[in-house]
Each structure stands twice: as structure tokens, then as C-alpha cells.
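J.: sequence first, predicted coordinates after that:
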Amino acid sequence: MTAPLLSVRDLGKTYRARGRQVVGLEGVSFDLRSGETLGLVGPSGSGKSTLAKVLMRLTEPDTGSIALDGDDWLALSGGALRTRRGEMQMVFQDPLAAFNPRATIGSALADPLRIHRIVPKAERAERVAHLLERVGLPADFARRRIHQVSGGQRQRVAIARALATSPRLIVLDEAVSALDVSVRSRILELLADLQAREGLAYIFVGHDLAVVRVISHRVAVMEKGRIVETGPVTQVVADPQSETGKALVAATPRLY
Ligand SMILES: Nc1ncnc2c1ncn2[C@@H]1O[C@H](COP(=O)(O)OP(=O)(O)OP(=O)(O)O)[C@@H](O)[C@H]1O
């Protein structure tokens, strides 16, 4: 067995809001290997976004540890964090909110190449064209703006931008939830192709178990900040053990 790419142990986070304490995460532990997808499901408020934000170093946990490739991910700060940040990327539900509407797609893709000093200026246009090609878009998309392309194409651009820093892991937060069924299937196919070719690991946050099942190898069910059940996706779907897992399966008529 190869060592895990990501090793998460005992993460805890409590929010303090208006004198009240709210559990964001409690005792969250899991491993993820290269080339593997972990689906993350659970009701609203169960801690999925908090976990994603902690992994991305957008918020700090109170307790616990995260190792990426054996390195202490939470110990990184300043320049070291900036250098390695691109190893984990995130794709959101609404790419329009994540892109400057006035910038061209080409400049949006060139930004991470410049910021992370991935290729010299003279090679950026070529690298942008290559990123577009990897997500199935023609090179002339570089001249368009994000609002000039369809929802599925926007999500392809968002995936291309995530790929720019050669991440080991991409957190996909409801990344296909806003798309029509046929567009959604093609994006899921693209993600699976990229994973097969490049060994990317994904954490796929979703509310629809029917969609999560298509892409995930394993699934973790969250409730009140805890992982209450985890296992191979086929097993959790066929025979959920937790009350939350049972409720999610019961609420998903398209599973069979
Ligand atoms: N900034 C914050 N301040 C206070 N409480 C917060 C904050 N962010 C999240 N919470 C609380 O932490 C808990 C976990 O929330 P989180 O957003 O991680 O859940 P989620 O599973 O992603 O929900 P959703 O599916 O609705 O996005 C909830 O009770 C939420 O109200």
C-alpha cells in the first residue's frame, strides 16, 4: 500500500458567535490516496464547508493535524504556505462569483501561472492554451469573458484554473450542482478522465448522493461536525449504517 496523500486526524473547530458556541468539526479523521475520490455528504450545517475551508487553510482548526504527502500542512505559514498552497485547489458551485467579469478567460488562467511563478511570461499564452485543451475547450476561449460562455464551459474554465498550479488534490464544493443533467455528466466524465490520467485526488462535496456516487470511491457521511459513517460508496449506498446515511439514501430516489 502506498502512503496516503492526505492524512487528516482529529480535526476540531468550534465557532463562537454571539456568545454561543457552535460545533463546526469534531474528531474528523480520514485518509485520501492519490487518484482517489472521497465524497463528502451530509445535511446543511453538518460541517462540509468548514472541513473544506480548513483543508484550504482559509480557516484554522482548534485541534487536530493534516499531513499532505507526509508534511505538516497546518505548520506552513508565510512564504512556505504561499509556495505550496497550489498543491490543493478548490472549485465552487458558481464560477461566475469566482471570476472577475471584466477579465478575459486567458488572463484569469494566466493569473495563477504568474502568482505562483509557474512559467515565464513568454510561455504563459502557450500554457493557457494547454490548460484549456486539458479541459476540452478550444484555445480561442482565452479571448472570451466568463459571462460569454455557458455554465458547463464556465465550470471547465474553473477546473482549468485549478489545474494551473498542478495540484495533488482538488476540493470540488457542489461543483456540478448548478448544471443540467447532461452537462453535469460531461463534467463528471472530464473529472474522471483527469484523475485517471494525472492521478489527482478529489474531495467531492455534494448534497445529491446519486451524483456523489458516480464519481466517488469512498464516501464520508457528516452530521453535526462529525463523520458518522465512512466506507466504499457502493457499500454505504446499499447498506447505510448511520441514521444520517439512511436518511440520505431514502431521500435519493434515483439511486436504483
Ligand atoms: N463563520 C461562522 N460562524 C459561526 N458559525 C458558523 C460559521 N460557519 C459555519 N458555522 C456553523 O458551523 C456548522 C457547520 O457549518 P458548515 O457551513 O461547515 O456546514 P455545511 O455542511 O457546509 O452546510 P451547507 O451544506 O449548508 O453548506 C453550522 O452549524 C454552521 O451554522
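T.: Sure, I can see it.
J.: residue in the stretch 51-200 of the chain nearest to the ligand?
T.: L51 (6.9 Å; CB to the nearest ligand atom). Heads up, the C-betas are built off the backbone N, CA and C, glycines and all.
J.: neighbours of that residue, just the number please.
T.: Using other CB atoms under 10 Å, L51 is surrounded by 27 other residues.
J.: quick one: average pLDDT of the helix or strand containing it?
T.: In the assignment (DSSP states H and E), L51 maps to helix 48-55. Taken as a whole, helix 48-55 carries a mean pLDDT of 96.
J.: helices of the stretch 51-200 of the chain, residue ranges please.
T.: Secondary structure of the stretch 51-200 of the chain by DSSP state H, counting those that start in this stretch: the helices cover 78-84, 95-98, 105-115, 124-134, 151-163, 181-198.
J.: go through these and pick out the most buried.
T.: helix 151-163 (a mean of 23; mean count of other CB atoms under 10 Å).
J.: quick check: angle from that helix to helix 124-134?
T.: 130 degrees (axes from the mean of the first three to the mean of the last three CA atoms, to 10 degrees).
J.: show me what helix 151-163 is packed against.
T.: strand 88-91, helix 95-98, helix 105-115, helix 124-134, helix 181-198 (3 or more CB pairs under 8 Å, 6 or more residues apart in numbering; DSSP states H and E).
J.: and the angle for that helix with helix 105-115?
T.: 20 degrees.
J.: before we move on, which element is V237 in?
T.: Using DSSP H and E, V237 falls in helix 233-238.
J.: what does the nearest residue to T83 once chain neighbours are set aside show for phi and psi?
T.: Nearest-residue entry for T83: H116, 7.9 Å, with adjacent residues in sequence omitted and distances by CB to CB, 6 or more residues apart in numbering. For H116, the backbone dihedrals are phi -90, psi 10 (criterion: degrees, to the nearest 10).
J.: next one: H116, what pLDDT does it get?
T.: 88.
J.: pretty sure it is touching T165, no?
T.: Yes - H116 is within contact range of T165, at 5.2 Å (criterion: CB atoms under 8 Å).
J.: identify the contacts common to those two.
T.: 85-86 (CB atoms under 8 Å, 6 or more residues apart in numbering).
J.: what bridges to the residue most central in space within the chain?
T.: Nearest to the mean C-alpha position of the chain, by CA atoms, centre = their mean, lies V171 at 1.2 Å. Beta-bridge pairing for V171 (DSSP bridges): M90, I203.
J.: pLDDT score assigned to it?
T.: pLDDT, V171: 97.
J.: so it touches Q89, yeah?
T.: Yes - if you go by CB under 8 Å, V171 and Q89 touch, sitting 7.3 Å apart.
J.: how many residues are close by T59?
T.: The burial count for T59: 14, using other CB under 10 Å.
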